[in-house]
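Chemist: Could you work out the structure for the sequence below:
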Amino acid sequence: MAESDLIEAGREHRNVVPLEAHAELSDDPNRPDPVDILVGQDETRLQQLVPIRHGRMRVTPFTFYRGAAAIMASDLSRTATTDIRVQLCGDAHLSNFGIFRGPDRRLVFDVNDFDETASGPFEWDVKRLAASVTIAGRNNEFTPKEIRRATRASVRGYREVLGETAHMSPLDVHYYRIEVESLLAKAGKKRRKEMGKTVNKALRKDSVRALNKLTTVVDGHRRIVPVPPVVTRADHLLEGEEREQVRDFFARYLETLPPHRAAVLRQYRFVDMAHKIVGVGSVGTRCWIVLLESADGAPLFLQFKEATQSVLEPYAGATDYEQAGERVVRGQRLMQATGDLLLGWSRYHRDDHAIDFYFRQLWDGKGSTEVEDIGPNRLRNYAWHCGAALALAHARSGMAATISGYLGDDKAVDRIFATFAERYADLNDLDYAAHDAAVKSGRILVVDAV
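Modeler: Presented below is the predicted three-dimensional model:
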């Protein structure tokens, strides 16, 4: 179809799902209990780490929201839903955007978490992002006006950049990226100084810094230092039959890389590995770091993280991939023009149980904005860029013109999604209180400040 036809098809879809319907939040009396959803997720996690997950979630309503993607996926399934499907991030909240090095070593700003990626209605990601802005603004004690302006900015950034990509060729969309150097050049003096701190911190995050921070030399050998419970040794995986299984597991990962990239990794040798807790919602899933070393001693840290069923799949439909790790990698490769060169997946077999993982570099110029520490103007600016990055990620699915036609080019949709965000933030407050009550009653055990 021609671009104009796709835009018109989007406009006509308003007759099926009116824009105004996206402001609504279901009042279904049979809504699943949010605590039940979280506890259900805990069943497949490392039980000794589950209390840490809940301890991190209970800090604020925003940290709770970060760990509650499964709750929101359930709620989104009962909202007005379009048939305009794209590859979704699945967990597009403010803290899942950031900067990292592209393959050409230049810093870019983009979505940086794809654990829940799956195909689904485009507006689910937009709603999760918008709600995260409102919740973050409340957490930072901004005024209602400041919060609404920031929330509308996230939707406006999405709408404006998506409209821009609707008139571009698919190849140009693929190459379009938000470069940090360009953002710095456009920023005012104060904003440039604030961004500079984040950029400088990210530039220092590489395998050499990780080596100095995470390891020491023991009896002439480089070893990852345990810092329980955040970093724990994995010596049991490095002995006997387990070691051979790990070797096979890593070999299967190499098979998922393009041959020229696998050839790079084959020039490194295995040194050590450990388990490392990361994030909020991911706590309790298996997340390992492995130290490799080249012939001349150059370090390389990889992270392999457990991949499970996306929280979206029960509602948006199952993916076509046999392994959940492949789902994450394929989704990320589609949504990012500048993804990690060493992104791949593998399956580990243990005690007749298969565990899926995806691999990536541990630190490669990665940096993120501390949402809890920014003011209202900076939040508004940051939210706009998150919306813009999300638009680019969605546009690579090839539906930009249809989505652009559906949303239109005025501010009406910004207000509509901001209204939804306010209503969902209210619901998140209730869920946060229910979670806290479950902690106080002893139903959920927590370990705080980890």
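
Chemist: rest of the way, CA atoms for contacts and neighbours
Modeler: Will do.

Chemist: Backbone dihedrals for residue 403, both of them.
Modeler: phi -60, psi -40 (degrees, to the nearest 10).

Chemist: shouldn't it be in contact with residue 8?
Modeler: No. The pair residue 403 and residue 8 fails to qualify as a contact (C-alpha atoms under 8 Å) at a distance of 10.0 Å.

Chemist: Tell me which of these two has more neighbours.
Modeler: Taking neighbours as other C-alpha atoms under 10 Å, residue 403 and residue 8 compare with residue 403 leading, 29 against 16.

Chemist: With adjacent residues omitted, what lies nearest to the more buried one?
Modeler: Closest residue to residue 403 apart from its sequence neighbours, by C-alpha to C-alpha, 6 or more residues apart in numbering: residue 10 at 5.9 Å.

Chemist: Mind giving me the packing neighbours of the helix or strand containing the one you found?
Modeler: Using DSSP states H and E, residue 10 falls within helix 3-12. Counting contacts by 3 or more C-alpha pairs under 8 Å, 6 or more residues apart in numbering; DSSP states H and E, helix 3-12 packs against helix 400-407.

Chemist: I'd like the next helix or strand past the helix it packs on.
Modeler: helix 412-441.

Chemist: between that following helix and helix 400-407, how many degrees?
Modeler: Angle, helix 412-441 to helix 400-407, by axes from the mean of the first three to the mean of the last three C-alpha atoms, to 10 degrees: 90 degrees.

Chemist: List the buried residues of helix 412-441.
Modeler: For helix 412-441, a neighbour-count test (16 or more other C-alpha atoms under 10 Å) marks 413-425, 428-429, 431-432, 435-436, 439 as buried.

Chemist: I'd like the distance between the spatially most central residue of the chain and residue 335.
Modeler: By C-alpha atoms, centre = their mean, the chain has its centre lying nearest to residue 113, at 2.3 Å. Residue 113 sits 11 Å away from residue 335, going by C-alpha to C-alpha, to the nearest Å.

Chemist: What of residue 41?
Modeler: Applying C-alpha to C-alpha to residue 41 and residue 335 gives a distance of 26 Å.

Chemist: again, but for residue 349
Modeler: Separation of residue 349 from residue 335 (C-alpha to C-alpha) stands at 29 Å.

Chemist: okay, these two: which has more neighbours?
Modeler: Taking neighbours as other C-alpha under 10 Å, residue 349 and residue 335 compare with residue 335 leading, 28 against 13.

Chemist: Which residues are in contact with the more buried one?
Modeler: 87, 392, 393, 394, 396, 397 (C-alpha atoms under 8 Å, 6 or more residues apart in numbering).

Chemist: What is the lowest-mean-pLDDT helix or strand in the chain packed up against?
Modeler: Ranked by mean pLDDT, DSSP states H and E, the helix or strand of the chain with the weakest confidence is helix 189-203, at a mean of 82. Applying 3+ C-alpha pairs under 8 Å, 6+ apart, one finds that helix 189-203 contacts strand 97-101, helix 180-186.

Chemist: ok, of the ones you listed, where does mean pLDDT dip lowest?
Modeler: When the helices and strands packed on helix 189-203 are compared by mean pLDDT, helix 180-186 comes last with a mean of 86.

Chemist: Pull the residues that contact that one.
Modeler: The contact list for helix 180-186 (C-alpha under 8 Å, 6+ apart) reads 99, 107, 108, 109, 192, 195, 196.

Chemist: Ok, stretch 401-414 next?
Modeler: Residues contacting stretch 401-414 (C-alpha under 8 Å, 6+ apart): 3-4, 6-14, 19-20, 84, 122, 152-153, 155-156, 159-160, 162-163, 165-167.

Chemist: Please list only the buried members of these.
Modeler: Neighbour counting with 16+ other C-alpha under 10 Å marks 6-11, 13-14, 19-20, 84, 122, 152-153, 155-156, 159-160, 162-163, 165-166 as buried within these.

Chemist: can you tell me the distance between the two ends of stretch 108-123?
Modeler: End-to-end for stretch 108-123, by C-alpha to C-alpha: 24 Å.

Chemist: What average pLDDT does it get?
Modeler: Stretch 108-123 comes out at a mean pLDDT of 97.

Chemist: Off-centre distance for that stretch?
Modeler: With C-alpha atoms, centre = their mean, to the nearest Å as the basis, stretch 108-123 stands 7 Å off its chain's centre.

Chemist: Helices along the stretch 201-350 of the chain, start to end?
Modeler: Listed in chain order, the helices of the stretch 201-350 of the chain (DSSP state H, counting those that start in this stretch) span residues 207-214, 240-255, 259-265, 313-316, 324-335.

Chemist: out of those, which comes closest to residue 342?
Modeler: Residue 342 lies closest to helix 259-265 among the helices of the stretch 201-350 of the chain, at 7.0 Å (C-alpha to C-alpha).

Chemist: Spit out the contact partners of the nearest residue to residue 316 once chain neighbours are set aside.
Modeler: In space, and not counting its chain neighbours, residue 316 is closest to residue 120: 5.5 Å by C-alpha to C-alpha, 6+ apart. Shown in contact with residue 120 (C-alpha under 8 Å, 6+ apart): 84, 85, 86, 87, 88, 312, 316.

Chemist: Wait, a strand at residue 120?
Modeler: Yes. The assignment for residue 120 is a strand, going by DSSP: H, G, I helix; E, B strand; the rest coil.

Chemist: and it, what are its bridge partners?
Modeler: As for beta bridges, residue 120 partners with residue 86 under DSSP bridges.

Chemist: I'd like the distance from it to residue 399, if you could.
Modeler: 12 Å.

Chemist: And for residue 213, the neighbour number?
Modeler: 11.

Chemist: ok now do it, which residues does it touch?
Modeler: Counting by C-alpha under 8 Å, 6+ apart, residue 213 makes contact with nothing.

Chemist: Could you do the one 10 residues further on as well?
Modeler: Under the criterion of C-alpha under 8 Å, 6+ apart, the contact list for residue 223 reads 215, 216, 217, 271, 272.

Chemist: most surrounded residue in the residues you listed?
Modeler: Neighbour max across those (other C-alpha under 10 Å) = residue 272, 20 neighbours.

Chemist: Tell me the bridge partners for the residue lying closest to that one once chain neighbours are set aside.
Modeler: Spatial nearest neighbour of residue 272, excluding adjacent residues (C-alpha to C-alpha, 6+ apart): residue 291 at 5.2 Å. Here residue 291 sits in beta bridges with residue 272, residue 301, as judged by DSSP bridges.
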